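No sequence on hand, only this structure:
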């Protein structure tokens with residue numbers, strides 16, 4: 001296997017492991033239900049759709065997999081991710097599958113803020129929209145929400161609290177002066193986003209409501225990556 005060949009380049013430093021996605025906590029966390037998916041520690045660095053179309057558009061990074069140049073590209077990407085980890089960094093998790101993210105729009109669901117005001121994502125069109133699924137018990141979530149104050153002028157922010165008590169959400173909003181629209185999750189909202197695969201999860205949409213990037217978890221360069229993507233949308 002090509003991934004094993006890369007692992008052998010780092011004798012004594014890297015171990016290759018195989019997990020059944022039906023029994024893998026990492027696969028469950030990221031919503032992986034097909035093969036293959038490649039992880040470096042707990043970072044998802046290549047989704048199944050990067051290798052095969054799986055009924056969607058054939059524009060994954062390594063499609064068609066049969067081409068030698070695509071296989072070499074995969075090995076080079078994996079080698080770079082391993083080197084980042086060995087150097088003390090943490091690779092960023094992969095975005096939503098190419099094509100799927102580009103074709104997907106923010107869902108047409110009813111949202112209600114903490115003050116009882118109802119709104120929709122379509123009403124926020126005109127500038128990029130950043131949606132964060134977060135929880136009060138998740139320090140990286142709160143850190144990112146606080147950081148969003150820095151970009152609030154450039155994007156509408158909607159923070160959807162999951163697995164959290166409303167009173168605790170309200171307390172944190174007051175204490176941290178969190179920006180944007182704060183919403184308590186409902187089953188309808190979570191279903192519209194495909195469930196909760198990780199917290200934090202952030203969806204970045206352009207001014208027309210089209211999701212262009214999805215971020216899972218909280219890698220060290222999360223804020224830089226969000227800033228970079230926002231620059232592209234200006």
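Great, that's in hand. All of these numbers come straight from a predicted model, not from anything done at the bench.

May I ask which helix or strand of the chain has the lowest mean pLDDT?
In the chain, the helix or strand scored least confidently by mean pLDDT, DSSP states H and E is helix 100-103, which has a mean of 38.

Can you list the strands that whichever helix or strand comes after that one pairs with?
Downstream of helix 100-103, the next assigned helix or strand under DSSP states H and E is strand 111-112. Using DSSP bridges, the strands paired with strand 111-112 are strand 118-119 (antiparallel).

just how off-centre is the partner strand within its chain?
25 Å (C-alpha atoms, centre = their mean, to the nearest Å).

Also stretch 198-213?
Using C-alpha atoms, centre = their mean, the offset of stretch 198-213 from its chain centre is 8 Å.

Name the residues of that stretch that come out as buried.
198-206, 209, 211-213 (16 or more other C-beta atoms under 10 Å). The C-beta positions use only the backbone N, C-alpha and C, and glycine is treated the same way.

got it, and stretch 68-85?
By neighbour count on 16+ other C-beta under 10 Å, the buried set for stretch 68-85 is 70, 74, 75, 77, 78, 81, 82, 84, 85.

before we move on, back to that, of all pairs in the buried residues of stretch 198-213, which one is the farthest apart?
Distance extremes for those: the farthest pair is 199 and 206 at 23.7 Å, using C-beta to C-beta.

rewinding a little: so of the buried residues of stretch 198-213, which ones are in strands?
201, 202, 203, 204, 205, 211, 212, 213 (DSSP state E).

Need these in TSV (columns: distance to residue 45 and pLDDT).
Rendered in TSV, the data for those read as follows (distance: C-beta to C-beta, whole Å; pLDDT from 0 to 100):
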residue	distance to residue 45	pLDDT
201	17	87
202	18	91
203	20	91
204	19	92
205	24	93
211	20	87
212	20	86
213	16	85
